[in-house]
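Undergrad: Need a 3D model of the following:
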Amino acid sequence: MNLTIEFAMRTAELIAIAKIRSGKEQQQMAAEMGISASRLSAVAKGKLQPNASEVAYLAQQAQTDPLRAIADIETEREPKFAPIWQRLLHAANS
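TA: Numbers count the residues shown, from 1 in each chain. I've put the predicted structure just below:
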């Protein structure tokens, strides 16, 4: 599986889990983020990449660690920066 497909799947999974755990529809989450429903739909389909704030919001709705979610998605997006994200996660958990 290529990186683009894996990234899209991870983002789509995060959105799906956020919907389930928050009990909110995608349109409501988009409104709360201040983005269009079509943007969130495009993110879910892998057509657009979410920014860090969008990932953090979705992680909160999914009841998971926002920093971990951002680190995971950014590591997949740019694997060469994985050590930086690992150091940040370690520092945050210390």
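
Undergrad: Now stretch 26-34 - C-alpha only, PDB.
TA: C-alpha atoms of stretch 26-34 as PDB (Å, rounded to 0.1, in the frame of the first residue of the first chain):
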ATOM      1  CA  GLN A  26     -19.500  15.100  10.000                       C
ATOM      2  CA  GLN A  27     -21.400  18.300   9.100                       C
ATOM      3  CA  GLN A  28     -21.600  19.300  12.800                       C
ATOM      4  CA  MET A  29     -17.900  18.600  13.400                       C
ATOM      5  CA  ALA A  30     -17.000  20.700  10.300                       C
ATOM      6  CA  ALA A  31     -19.100  23.600  11.600                       C
ATOM      7  CA  GLU A  32     -17.400  23.300  15.000                       C
ATOM      8  CA  MET A  33     -14.000  23.400  13.300                       C
ATOM      9  CA  GLY A  34     -15.100  26.400  11.200                       C
END
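
Undergrad: Strands along this protein, start to end?
TA: For the chain, no strands are identified by DSSP state E.

Undergrad: what residue lies at the spatial centre of it?
TA: Val55 (3.4 Å; C-alpha atoms, centre = their mean).

Undergrad: That residue and Ile15 touch, don't they?
TA: No - Val55 is beyond contact range of Ile15, at 10.1 Å (criterion: C-beta atoms under 8 Å). (C-beta placed from N, C-alpha, C; glycine too.)

Undergrad: Spit out the contact partners of Leu48.
TA: Contact analysis of Leu48 by C-beta atoms under 8 Å, 6 or more residues apart in numbering lists Arg39, Ala42.

Undergrad: Right, I'll call it a day here.
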